[in-house]
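> need the 3D shape of this:
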Amino acid sequence: MNHIPVKQLLADPDIYIGSEVDVKGWVRTRRGNKNVAFIALNDGSSIKNIQIVVDFAKIPEDSLKDVTTGASLHVKGMAVASQGKGQAIEVQADEIEVYGTASVADYPLQKKGHSLEFLREIANLRPRTNTFGAVLRIRHTLAYAIHKFFNDRGFYYFHTPLITASDAEGAGAQFQVTTLPLEDLPRTEDGKVDYDQDFFGKMACLTVSGQLEGELGATALGCIYTFGPTFRAENSNTPRHLSEFWMIEPEMAFYEIEDNMDLAEEFVKYCISYALEHNREDIEFLAEHFDKDLIDRLNFVVENDFVRLPYTEGIKILEESGKKFEFPVYWGVDLASEHERYLVEQHFKKPVILTDYPKEIKAFYMKLNDDGKTVRAMDVLFPKIGEIIGGSQREENYDKLKGRMQELGLQGMDWYLDTRKYGTVPHSGFGLGFERLILFVTGMQNIRDVIPFPRYPNNCEF
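Below you'll find the model as predicted:
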């Protein structure tokens, strides 16, 4: 690399002041007078720009006609201490090369405010804005933190299939994968689609979760985690749902529910702390422009021990709160976000891990408690979001798991039952939607704004 990233220049100005430097990037703004021009240059490495000072006695003004917002430049010059406020260093240009122009007439990111709705329509360009540059840098940091957290604790990164014949827990409508000609589907004698002629010889879909396959890895390697894309074909047009999103799903042999809760709390605190340390300027920018309470809320999660509360006690608190909820509260209901947020934000004023849910509202693989009515589930509840993590101790007893699967009519999963048939052990795991975590850390309001190219009903652009 023959240039210095803007982030590096701004971080260590004393190293570079008084020396010749090369900088490259895109023009954010240009201003000036008849003697001098000031160009704000950004290369994506920082929320901040480096100021380029162009003296017209050295570089004629008419040679800058293509230096407009959005143009890309290569600048050579002397790094000097800045005379203006807000930056310690600037570059006095000796040479400017325009790599690419951006017509003022049609470049959509001119210097003015743009709505997030408009920016979704130009997702190919929105990473160049301050807002999405900040979000995407934070996304990178959190992804790195996730791998670092698990690697440092002896977990193995385990790759589960994206194409599967399993529906995991019945977690949602699936996208089908097929090579059959849709305009002339082969049929069996009874009129059903003949999947014997399909590529895999059976019906296949995009995965909704890597959990079940992850359990296979955990019962061989001890502790594993998956981190990859998952897909839900639900017609959900909400600020909290995507059709394609990323999931982190650790699975741990020999972990019981308490160990699972300990890990989940440590994990989310680590990720948030890591982002606060490594993306402070980006988070401060988002707090200033989108969510004034963001940093306080992040510190709130990091600094507080999570309350651990049985579902039955949570229902009692909600029933006795005197608060009028949109959705009614009763034992056996699957709690809505408003219920979860009441417990976190108003009652305890701390993050909450809700445990021991009724078995009817939880997945078949969760371990049954001795009462025969509840399972060893755990949901981590956060302010503003509600549930951010869902997990459980898994049922390790072969007969109990098989019986539960028969109750629900689940078939063709002998491969999964084998882990309970051969050397079964207590084991646990949880799932975290990556975009939900980014939503929380950035303070953004819509999940479509924390992934580069969102997929949702009637949208598959770019």
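> looking at this, residue 377 is in a strand?
Yes. Counting by DSSP: H, G, I helix; E, B strand; the rest coil, residue 377 is found in a strand.
> what sits against it?
Residue 377 sits next to 311, 355-357, 362, 366, 390-392 when contact means C-beta atoms under 8 Å, 6 or more residues apart in numbering. Every residue, glycine included, has its C-beta placed from N, CA and C.
> return the member of those residues nearest to residue 191.
residue 362 (36.5 Å; C-beta to C-beta).
> thought the closest one was touching residue 373?
No. The criterion here is C-beta atoms under 8 Å, and residue 362 misses it with residue 373 at 11.3 Å.
> low pLDDT regions in the stretch 51-200 of the chain?
167-172 (pLDDT under 70).
> how about the helices in it?
116-121, 130-152 (DSSP state H, counting those that start in this stretch).
> of those, which is nearest residue 222?
Taking the helices of the stretch 51-200 of the chain one by one with C-beta to C-beta, helix 130-152 is closest: 12.1 Å.
> other SSEs contacting the closest one?
helix 116-121, strand 156-157, strand 223-231, helix 257-278, helix 280-289, helix 434-442 (3 or more C-beta pairs under 8 Å, 6 or more residues apart in numbering; DSSP states H and E).
> among these, which is nearest residue 448?
Short answer: helix 116-121, nearest of the helices and strands packed on helix 130-152 by C-beta to C-beta, at 6.0 Å.
> neighbour count: residue 362 and residue 373, which is higher?
Taking other C-beta atoms under 10 Å, residue 362 and residue 373 do not tie; residue 362 has more neighbours (20 against 15).
> phi, psi of the more buried one?
Dihedral pair for residue 362: phi -120, psi 170, per degrees, to the nearest 10.
> what's near enough to touch it?
375, 377, 392.
> spatially nearest residue to the first one, not counting backbone neighbours?
Meaning residue 375. Using C-beta to C-beta, 6 or more residues apart in numbering and skipping the chain neighbours, the partner closest in space to residue 375 is residue 366 (3.8 Å).
> what's the burial count for that neighbour?
24.
> same thing with residue 115?
8.
> separation between it and residue 446?
11 Å (C-beta to C-beta, to the nearest Å).
> quick revisit: beta partners for the residue nearest to residue 375?
Residues in a beta bridge with residue 366, per DSSP bridges, are residue 394.
> how far does stretch 301-318 stretch from one end to the other?
Stretch 301-318 stretches 22 Å from its first residue to its last (C-alpha to C-alpha, to the nearest Å).
> residue furthest from the geometric center of this protein?
residue 57 (49.4 Å; C-alpha atoms, centre = their mean).
> just to revisit the earlier point, between the helices and strands packed on helix 130-152, which gets nearest to residue 334?
Closest among the helices and strands packed on helix 130-152, using C-beta to C-beta: helix 434-442, at 17.4 Å.
> what's next to that closest one, contact-wise?
Contacts of helix 434-442 (C-beta under 8 Å, 6+ apart): 134-135, 138-139, 142-143, 146, 227, 240, 242, 245-248, 268, 271-272, 275, 283, 286, 290, 294, 297-298, 382, 384-385, 388, 444, 447, 450-451.
> any idea of the mean pLDDT for that helix?
Averaging pLDDT along helix 434-442 yields 97.
> on that earlier part again, show me which of the contacts of helix 434-442 are buried.
134-135, 138-139, 142-143, 146, 227, 240, 242, 245-248, 268, 271-272, 275, 283, 286, 290, 294, 297-298, 382, 384-385, 388, 444, 447, 450-451 (16 or more other C-beta atoms under 10 Å).
> contact partners for the residue nearest to residue 375?
359, 375-377, 392-395.
> most neighbours among those residues, please name it.
Going by other C-beta under 10 Å, residue 394 tops the contacts of residue 366 with 31 neighbours.
> residue 264: how many residues sit nearby?
24.
> residue 392 is in contact with that one, correct?
No. Using C-beta under 8 Å, residue 264 is not in contact with residue 392; the gap is 11.0 Å.
> now the common contact residues for those two.
In contact with both residue 264 and residue 392: 378, 430, using C-beta under 8 Å, 6+ apart.
> look up how far residue 314 lies from residue 334.
Residue 334 is 12 Å from residue 314, by C-beta to C-beta.
> when these two are compared, which one has more neighbours?
When neighbours are counted by other C-beta under 10 Å, residue 334 and residue 314 differ, and residue 314 comes out ahead with 26 against 11.
> which one is the more buried one nearest to, not counting chain neighbours?
residue 354 (5.5 Å).
> what helix or strand is that neighbour located in?
strand 352-358 (DSSP states H and E).
> list the neighbouring strands of that strand plus their orientation.
strand 307-310 (parallel), strand 374-382 (antiparallel).
> which ones are touching residue 203?
Counting by C-beta under 8 Å, 6+ apart, residue 203 has contacts 165, 176, 178, 193, 195.
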